[in-house]
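> here's my sequence, what's the structure:
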Amino acid sequence: MSAPDPIVRAVEAALFAATEPQTIEQLRAQIGDEADIPAALERLVGDYSGRGVELVERGGRWHFQTAPDLAWLLRRETEQTRKLSRAATETLAIIAYHEPVSRAEIEAIRGVQVSKGTLDVLMEEGWVAPAGRREVPGRPLIYATTPAFLTHFGLASRRDLPGLEDLKAAGLLDPVDLALEGALATDDDDETDDRSSNESDSLLEKPGEGD
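Numbers count the residues shown, from 1 in each chain. This next block holds a predicted model:
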């Protein structure tokens, strides 16, 4: 039996010890510039294939996760203390499918004003982050999804986002969602009515709380 490859072992140890997914550059900085990190990752993907944990890549970052078919073994029954409101869910969907987008562009698609609190909740979850400023008058801040968004939803990249037809087939679009679909399908450069209605739903679906 041949001796284990020291680079593969080092990458394996670094990923197990890491508190968050690692990029190839981060692994190379930790293990050494001469290390063939991509080859080691490829070897580990094969070594862990079919096992209780697997090595996956999400948005250019690598981490170990429980095999999907065994996730139920580790699931704990916990009270859901925080749930995204419809406003936050729709805002996240718009950012994911249209990023990078400004608040004004999100409002043009949703048809209502987006409170600062909605974006704050998504940023606190680590799923959305500022992505610079649009080079137009006023230079509005623009937002995009993060690697944590990909990791949470099990996506390798934004190309893996389900299409609207997939969402329909899965029964995940109700009549209000279908109206949103129509807005998502239009170009953002169409002029929209100046609407000043505020969001009526709260960020966290808890009685008595607002945005």
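> what sits against Thr146?
Neighbour list for Thr146: Gly126, Trp127, Val128, Ala129 [criterion: CB atoms under 8 Å, 6 or more residues apart in numbering]. Yep, even glycine has a C-beta here, placed from its N, CA and C like the rest.
> ok, it to Arg110 distance?
21 Å (CB to CB, to the nearest Å).
> and Arg134, by the same measure?
Taken as CB to CB, the span from Arg134 to Arg110 is 18 Å.
> these two: which is more packed in?
Neighbour comparison, Arg134 and Arg110: the larger count goes to Arg110, with 20 against 16 (by other CB atoms under 10 Å).
> is the more buried one in contact with Thr89, as I believe?
No - with contacts defined as CB atoms under 8 Å, Arg110 does not count as touching Thr89, sitting 11.0 Å away.
> and whichever strand or helix holds Ala10, C-alpha only, in CSV?
Element membership of Ala10 [criterion: DSSP states H and E] is helix 6-17. What follows is helix 6-17, C-alpha atoms only, in CSV (Å, rounded to 0.1, in the frame of the first residue of the first chain):
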residue,chain,number,x,y,z
PRO,A,6,1.3,14.6,2.0
ILE,A,7,-0.3,17.4,0.1
VAL,A,8,-3.7,15.6,0.0
ARG,A,9,-3.4,15.0,3.7
ALA,A,10,-2.6,18.6,4.3
VAL,A,11,-5.5,19.9,2.3
GLU,A,12,-7.8,17.4,4.0
ALA,A,13,-6.7,18.6,7.4
ALA,A,14,-6.9,22.2,6.5
LEU,A,15,-10.5,21.8,5.3
PHE,A,16,-11.6,19.9,8.3
ALA,A,17,-10.1,22.5,10.6
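> which residues touch it?
Contacts of helix 6-17 with the rest of the structure, by CB under 8 Å, 6+ apart, involve 22, 27, 30-31, 35-37, 39-41, 43-44, 47, 55, 62-64.
> buried subset of those, written for ChimeraX?
Selecting only the buried entries of the contacts of helix 6-17 in ChimeraX, with 16 or more other CB atoms under 10 Å as the criterion:
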select :22,27,30,31,35,37,40,41,43,44,55,62,63
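> I'm done for today, thanks for sticking with me.
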